[in-house]
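Colleague: Need the 3D shape of this:
(chains A and B)
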Amino acid sequence: MGAIQHSISDPPSEELVLVRAAKGGDDKAFGELVKRYDRNVFRIAQHITQNREDAEDVVQDAFLKAYTNLQQFQEQSKFYTWLVRIAVNEALMKLRRRRPERMVSLDEDIKTEDDSVPREVADWAPNPEQNYNQAELKEILSRTIQGLPPGFRTVFILRDVEGLSTEETAEALELSIPAVKSRLLRARLQLRERLNRFFVKPTVETA
Amino acid sequence: MKCTEFLKELNEYLDGALDARTKSDLDDHLAWCHNCYVVCDTTKKTIQIYKNTEVYDLPDELRTRLQEAIQAKCQAKKKASGPQGA
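Modeller: Here you go, the predicted structure:
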């Protein structure tokens, strides 16, 4: 897996300096790490759990777990990737508790043979999001992504919203790289298809 | 190139992660296949819209409350596990 190796000659990143200080007992340094990533963890948690209270709990639990297990962070990957992995696991646990009737796993490969084949192909307006105000747009995007299975929307959020690489996403989700790629493609195409009805270019009526 | 082959490479195409030869093959396909052009363009817009919109923002007040709660929990954990804690 694509762990990021630090060579001896590389100066430690700002993140790593904070992590090492926190490991040495500097709570202010850990506080800085919280400030640096709390928004990201909240976004990821809310996307997975679809519930604000759960997301708030996940933020607290994930950082507490990171704090408690900091000595076990081996610096083989970025601290952020390690933190995301903790947060995703906490969020999935919340989701399982809320939906015990449904298996919730990132591992299951949802068998929908043709879900990658676009069914509806219609062009969008140049800046279709501008047809909605900010609150409407957030509602559309939130509802649309909620329709995706957790394994798909989590890969999409980590890769396309949070900017993790394929390797980092695979590491954070404990998935293989081909699994990340396949889910990302299907997530992107399904979201596109679902957004069609909001963003499609109005047809010009001909006389 | 068939449309299904184009779709298989769409991720890498959108991420700019293709070698020059494959990218050129895909560009050729897009030049004549309107359906693939639309799928590619609207998928690109989908990603951009999600990237540029803070769907779930964390209001300052809640953020402060969460940070304080995290700090308190970490301190409690440290006390509970003794001076060598954390």
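
Colleague: could you check whether the helix or strand where A:Ser142 lies is close to chain B?
Modeller: In this structure, A:Ser142 sits in helix A:134-146 according to DSSP states H and E. Yes - using Cβ under 8 Å from any Cβ of the partner chain, helix A:134-146 reaches chain B at A:134, A:137-138, A:141-142, A:145. For every residue, glycine as well, the C-beta is placed using N, CA and C.

Colleague: May I have the secondary structure class of the residue nearest to the spatial centre of chain B?
Modeller: Nearest to the geometric centre of chain B sits B:Lys51, at 6.9 Å (Cα atoms, centre = their mean). Per DSSP: H, G, I helix; E, B strand; the rest coil, the secondary structure class of B:Lys51 is helix.

Colleague: Kindly provide the distance from it to A:Arg188.
Modeller: For B:Lys51, the distance to A:Arg188 equals 12 Å [Cβ to Cβ, to the nearest Å].

Colleague: so what sits against both of those two?
Modeller: A:Asp160 (Cβ atoms under 8 Å, 6 or more residues apart in numbering or on different chains).

Colleague: Any chance you could list what contacts stretch A:60-73?
Modeller: Contacts for stretch A:60-73 (Cβ under 8 Å, 6+ apart): A:19, A:22-23, A:30, A:33-34, A:38, A:41, A:45, A:79, A:82-83, A:86-87, A:90, B:66, B:69-70, B:73-74, B:77, B:86.

Colleague: List only buried entries from those residues.
Modeller: Taking 16 or more other Cβ atoms under 10 Å in any protein chain shown as the criterion, what is buried in the contacts of stretch A:60-73 is A:19, A:22, A:30, A:33-34, A:38, A:41, A:45, A:79, A:82-83, A:86-87, A:90, B:66, B:69-70, B:73-74, B:86.

Colleague: in stretch A:44-55, what counts as buried?
Modeller: A:44-51, A:54-55.

Colleague: Could you give the separation of stretch B:51-70 from the chain centroid?
Modeller: Stretch B:51-70 has its average C-alpha position 19 Å from the chain's average C-alpha position, going by Cα atoms, centre = their mean, to the nearest Å.

Colleague: what about it, start to end distance?
Modeller: End-to-end distance for stretch B:51-70: 28 Å, by Cα to Cα, to the nearest Å.

Colleague: burial of A:Glu14, as a residue count?
Modeller: Close neighbours of A:Glu14, defined as other Cβ atoms under 10 Å in any protein chain shown, add up to 10.

Colleague: And the pLDDT for it?
Modeller: On the pLDDT scale, A:Glu14 is placed at 90.
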